[in-house]
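A.B. asks: Mind looking at a prediction? Sequence and model below.
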Amino acid sequence: MRFLEREITLKDGRTCILRPNAPDLAEGMLEYLKKTSAETPFLLRNPDEVNYTLEGEKEILGRLLEDPYTIMMAAVVDGKIAGNGSISGIGEKRKIRHRCSLAIALYEEFWGLGIGTAMINYMTELAAQIGWHQVDLEVVVENEQAQALYRKCGFIKTGRRHNALLFDDGTYHDEILMYKNLK
C-alpha cells in the first residue's frame, strides 16, 4: 500500500521517517532481516532462514507496495532502516475479513526511542482507513517489553497459545494473543 511518509522526532532528538517499504530498500531489508533475527529469539524466523535474493526481495516489496490491503512500513533513521512493520488481512472469507494482523521488529540499537509506538499507531490508523475493524497479534510470552509496548498502543490480551513456538534448543514457548479494536 502506498501511503504518505510521516516524520517523527525520536527521544534522542534524531528524525525518523515512517515510509512505505519499497524495492529501493531491498538491500537494507535483507541486512535488517538477518540481523534482527539474530538480535532476539522472539521473532518467528531464525537468521539462517533469511535466504532471499536481492531480486526476490525487490519483487516482494514491489508487489506489497501495490497491494491496497497490505501495509509494509519502514522506519528510516539517518538513511538506515531502523525497523519494519506490516499489517495484512487475516483472510478473504466474509467472517474474518474484518480482521488484520500486525507484525513489527526494530534493530536493538533503536529500541526505546519511540519508533515502535509511532509505527504501531500509524499502521493501525492506516488499517482503520482501509476499513478493518480489528488488529490481531501474537507475542512470545517472555517478551514482556513488546507486551508493554502493545498495551501502550491500546492492545488487549485475549488469550494464550500454548507451545506455539519450538526454539532450536528444544524448548517450547507460549504466545500471548492480543487485539486492538479499530471501530
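C.D. replies: On my side now, so go ahead. From a predicted model like this one, the values you see are computed outputs, not experimental measurements.
A.B. asks: Helices along this protein, start to end?
C.D. replies: Using DSSP state H, the helices assigned to the chain run over residues 26-39, 54-66, 115-130, 144-152.
A.B. asks: Compare these and report which one is nearest to residue 77.
C.D. replies: helix 115-130 (7.7 Å; C-beta to C-beta). All C-beta atoms are positioned from the backbone trio N, CA, C, and that covers glycine.
A.B. asks: what packs against the closest one?
C.D. replies: Helix 115-130 sits against strand 6-9, strand 15-20, strand 70-77, strand 80-89, strand 99-106, helix 144-152, with contacts defined as 3 or more C-beta pairs under 8 Å, 6 or more residues apart in numbering; DSSP states H and E.
A.B. asks: Deepest-packed of the ones you listed, please.
C.D. replies: Ranked by mean neighbour count, the helices and strands packed on helix 115-130 are led by strand 70-77 with a mean of 22 (mean count of other C-beta atoms under 10 Å).
A.B. asks: check contacts around the closest residue to residue 119 other than its chain neighbours.
C.D. replies: Distance criterion C-beta to C-beta, 6 or more residues apart in numbering; nearest residue to residue 119, sequence neighbours excluded, is residue 85 at 4.7 Å. Contacts for residue 85 (C-beta atoms under 8 Å, 6 or more residues apart in numbering) come out as 71, 72, 73, 75, 102, 103, 104, 105, 119, 120, 123.
A.B. asks: Quick check: of the residues you listed, which lies closest to residue 131?
C.D. replies: Distance to residue 131 across the contacts of residue 85 (C-beta to C-beta) is lowest for residue 71, with 12.7 Å.
A.B. asks: which ones are touching that closest one?
C.D. replies: Contact analysis of residue 71 by C-beta under 8 Å, 6+ apart lists 1, 3, 85, 86, 87, 88, 123, 126, 127, 130.
A.B. asks: so the fourth one makes contact with residue 72?
C.D. replies: Think residue 86. Yes. Using C-beta atoms under 8 Å, residue 86 makes contact with residue 72 at a distance of 5.1 Å.
A.B. asks: what touches both of those two?
C.D. replies: Taking C-beta under 8 Å, 6+ apart as the contact rule, residue 86 and residue 72 both touch residue 64.
A.B. asks: Which strand residues bridge the residue nearest the centre of the chain?
C.D. replies: The chain has residue 104 as the residue nearest its centroid, 2.0 Å off, counting by C-alpha atoms, centre = their mean. Per DSSP bridges, the residues bridged to residue 104 are residue 85.
A.B. asks: Residue 99 touches residue 90, doesn't it?
C.D. replies: Yes. Taking contacts as C-beta under 8 Å, residue 99 lies within contact range of residue 90: 4.4 Å.
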